[in-house]
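[1] only the shape, not the letters, is given here:
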């Protein structure tokens, strides 16, 4: 049972890494800032873009990562980038 569990965890991590690799540099940057706890408004100010642009990127991130929420996208991001 443990070997199978380890295999599935490895497979999920690999899948998450592939999904993270599909993000554009800007989406990756926005997701990283979101993981640091910044709001869309603060991210927009920091990146000198509109808040709706940040929201647009967050929606694309959710789609690309097959996530139903930003929290789930952040979980996948953290799982894929953890060593």
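    Now that the structure is in, tell me what you want to look at. All figures in this text were calculated on a predicted structure; none of them were measured in a lab.
[2] so which residues of the chain form helices?
    2-21, 25-35, 40-47, 51-64, 70-81 (DSSP state H).
[3] ok, residue 34 touching residue 70?
    Yes: under the criterion of CB atoms under 8 Å, residue 34 makes contact with residue 70 at 6.4 Å. For every residue, glycine as well, the C-beta is placed using N, CA and C.
[4] rewinding a little: any idea which of the helices of the chain scores lowest on pLDDT?
    Note on the helices of the chain: helix 2-21 shows the lowest mean pLDDT, a mean of 59.
[5] about what we covered before: could I get the helices of the chain as JSON lines with mean neighbour count?
    Output for those, formatted as JSON lines (neighbours: other CB atoms under 10 Å):
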{"stretch": "helix 2-21", "mean neighbour count": "12"}
{"stretch": "helix 25-35", "mean neighbour count": "17"}
{"stretch": "helix 40-47", "mean neighbour count": "16"}
{"stretch": "helix 51-64", "mean neighbour count": "16"}
{"stretch": "helix 70-81", "mean neighbour count": "17"}
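[6] show me what contacts residue 19?
    Residues in contact with residue 19 (CB atoms under 8 Å, 6 or more residues apart in numbering) are 64, 65, 66, 76, 80.
[7] rerun that using 10 Å as the cut-off
    By CB atoms under 10 Å, 6 or more residues apart in numbering, the contact set of residue 19 is 61, 64, 65, 66, 67, 73, 76, 77, 80.
[8] same thing with residue 70?
    So residue 70 contacts 31, 34, 35, 40, 58, 59, 61, 62, 77 (CB under 10 Å, 6+ apart).
[9] the last one is in contact with residue 34, isn't it?
    Put plainly, it is residue 77. Yes: applying CB atoms under 10 Å as the test, residue 77 and residue 34 come out as touching, 8.7 Å apart.
[10] who touches both of those two?
    Contacts common to residue 77 and residue 34, judged by CB under 10 Å, 6+ apart, are 61, 70.
[11] name the nearest residue to residue 28, ignoring sequence neighbours.
    Among residues not flanking residue 28 along the chain, residue 20 sits closest, at 7.5 Å (CB to CB, 6 or more residues apart in numbering).
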